[in-house]
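# coords please:
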Amino acid sequence: MIVILKENPDAVQLENLITWLKSQGLEIHASEGKHQKILGLVGDTSRVDIDLISALDIVDEVKRVQDPYKAANRKFHPEDTVIHLPNGVKIGGGNFALIAGPCSVESEEQICSVAAAVKASGANILRGGAFKPRTSPYSFQGMREKGIELLLEARRETGLPVVTEIMDISQLPLFDEIDIIQVGARNMQNFELLHALAHVNKPILLKRGLANTYQELLMSAEHIMSGGNAQVILCERGIRTFETYTRNTQDLAAVPVLHKLSHLPIIVDPSHASGRSWLVPNMAVAAAACGADGLIIEVHNDPEHAWCDGPQSITPEVFAETVPKIAAVRSVLGFGGMQ
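Numbering: from 1, shown residues only. Now for the predicted structure:
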């Protein structure tokens with residue numbers, strides 16, 4: 001249920017209303033827009049008398065919300081959520097995040113050189129895998145703790161905030177200095193992990209699962225947000241369909257649909273979606289044209305010899321050629337410039 005208040009509601013009446021609603025066992029999520037304030041009521045609202053609340057002088061309208069997700073719902077929070085990073089980078093609300101870097105950290109020279117290259121081309125966040133969830137137990141599993149250390153070294157050298165994937169609750173202490181924690185597709189419904197991340201005061205990049213619906217993605221975001229962490233970034237990284245030519249199928253409809261359903265920023269991963277490096281630039285531009293709040297692109301200085309996902313990684317040179325095209329599309333369509 002949402003309670004839409006009139007402009008400039010009386011402070012005493014508002015406090016009395018909130019106190020009474022809490023006495024009914026409800027959680028209150030207040031959202032301040034440009035002209036209206038909305039109270040989102042979470043809990044058993046079946047006992048709440050809509051007519052009684054509607055009759056209050058400070059109330060404009062009361063609506064029941066049937067969607068199972070509340071905190072992530074745009075009806076509860078009409079204004080776009082904007083994620084703020086320590087170096088001033090913003091994600092959402094017209095602010096575009098350009099995240100780039102290798103699939104996995106391989107050495108200090110590799111991660112630092114790629115970080116410098118992508119920053120020079122316009123990237124404002126560095127990605128790199130330290131823990132790698134691989135289908136085969138015989139594949140490279142990541143440098144683990146050492147990979148985290150090297151990512152932080154690349155951040156010191158370039159100033160770029162870093163995002164990397166967590167796989168288990170036990171790894172949380174290693175992520176104290178990481179700027180954005182990524183939850184991969186395979187862990188999208190690892191609810192114990194999501195509950196732990198609900199108590200972490202930093203942004204969570206939540207990737208859509210291989211075969212999950214929009215609602216299931218939003219419900220996973222809800223698990224994080226309902227515990228107190230509202231800093232969630234959604235990520236469309238391709239879904240599994242009958243098509244086998246590409247690694248996955250990039251579902252670009254997810255961008256406008258999730259913008260309609262939720263206030264959370266939505267970024268796109270064209271690297272995992274396509275699985276083929278030659279497709280990545282065009283799919284990145286297409287994602288920007290759909291209104292994505294950002295891109296996360298795999299960039300490697302030597303893709304042919306990459307320890308992980310080389311076929312879907314583009315070179316720093318190709319990345320440099322792609323960024324102006326992304327910027328041009330955003331400008332033509334009125335989405336704004338790059339950060």
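# and the helix ranked longest in the chain, what other elements does it pack with?
Ranked by residue count under DSSP state H, the longest helix found in the chain is helix 316-332. Counting contacts by 3 or more CB pairs under 8 Å, 6 or more residues apart in numbering; DSSP states H and E, helix 316-332 packs against strand 97-101, helix 108-121, helix 280-289, strand 294-298. Any C-beta I mention is one placed from the backbone N, CA and C, and that applies to glycine too.
# Paired strands for the first one, with orientation please.
For strand 97-101, sheet partners with direction are given as strand 125-127 (parallel), strand 294-298 (parallel), following DSSP bridges.
# quick one: which of those strands is nearest residue 206?
strand 294-298 (12.1 Å; CB to CB).
# Now that closest one: average pLDDT?
For strand 294-298, mean pLDDT rounds to 98.
# which residues touch that strand?
Applying CB atoms under 8 Å, 6 or more residues apart in numbering, the contact partners of strand 294-298 are 91, 96-103, 127, 163, 205, 233, 235, 265, 267-272, 280, 284, 287-288, 309, 312-314, 319, 322, 326.
# Go ahead and confirm residue 62 touches residue 55.
No. Between residue 62 and residue 55 there is no contact under CB atoms under 8 Å: 9.9 Å.
# So the two - more neighbours on which side?
Of the pair residue 62 and residue 55, residue 62 is the one with more neighbours under other CB atoms under 10 Å, namely 21 against 10.
# do you know how far that one is from residue 252?
Using CB to CB, to the nearest Å, residue 62 is found at 36 Å from residue 252.
# if we can go back for a sec, so which of the strands paired with strand 97-101 is nearest residue 25?
Ranking the strands paired with strand 97-101 by their distance to residue 25 (criterion: CB to CB) puts strand 294-298 first, at 38.2 Å.
# So what's the gap between that closest one and the chain middle?
Its chain's C-alpha centre and that of strand 294-298 lie 11 Å apart, by CA atoms, centre = their mean, to the nearest Å.
# And for stretch 144-163?
Relative to its chain's centre, stretch 144-163 lies at 20 Å (CA atoms, centre = their mean).
# So what touches it?
The set of residues external to stretch 144-163 that reach it, using CB under 8 Å, 6+ apart, is 85-87, 89, 99, 104-105, 107-108, 111-112, 115-116, 118-119, 123-131, 143, 164, 174-175, 177-182, 205, 296.
# For the residue lying closest to residue 289 once chain neighbours are set aside, give me its contacts.
Nearest non-adjacent residue to residue 289, counting by CB to CB, 6 or more residues apart in numbering: residue 329, 5.1 Å away. Going by CB under 8 Å, 6+ apart, residue 329 touches 285, 288-289.
# Kindly recompute the last result at 10 Å.
The neighbours of residue 329, taking CB atoms under 10 Å, 6 or more residues apart in numbering as the test, are 284-290, 335.
# just to revisit the earlier point, now the common contact residues for residue 62 and residue 55.
Between them, residue 62 and residue 55 share the contacting residues residue 49, judged by CB under 10 Å, 6+ apart.
# of the contacts of stretch 144-163, buried ones?
85, 89, 99, 104-105, 111-112, 115, 118-119, 123-131, 143, 164, 174-175, 178-182, 205, 296 (16 or more other CB atoms under 10 Å).
# before we move on, back to that, nearest to residue 76, of the strands paired with strand 97-101?
Closest of the strands paired with strand 97-101 to residue 76 is strand 294-298, at 23.0 Å (criterion: CB to CB).
# Just want the angle from that closest one to helix 108-121.
Between strand 294-298 and helix 108-121, the angle comes out at 140 degrees (axes from the mean of the first three to the mean of the last three CA atoms, to 10 degrees).
# what angle do strand 294-298 and helix 280-289 make?
For strand 294-298 against helix 280-289, the angle by the same axes, to 10 degrees is 170 degrees.
# and strand 294-298, C-alpha only, in CSV?
Once non-C-alpha atoms are left out, strand 294-298 reads as follows in CSV (Å, rounded to 0.1, in the frame of the first residue of the first chain):
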residue,chain,number,x,y,z
GLY,A,294,25.5,2.0,-17.6
LEU,A,295,27.6,-0.8,-19.2
ILE,A,296,30.0,-3.4,-17.8
ILE,A,297,32.4,-4.5,-20.6
GLU,A,298,35.2,-7.0,-20.5
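# circling back: got the helices and strands packed on helix 316-332 as JSON lines, with distance to residue 16 columns?
Listed next are these as JSON lines, based on distance: least, CB to CB, whole Å:
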{"stretch": "strand 97-101", "distance to residue 16": "41"}
{"stretch": "helix 108-121", "distance to residue 16": "52"}
{"stretch": "helix 280-289", "distance to residue 16": "47"}
{"stretch": "strand 294-298", "distance to residue 16": "42"}
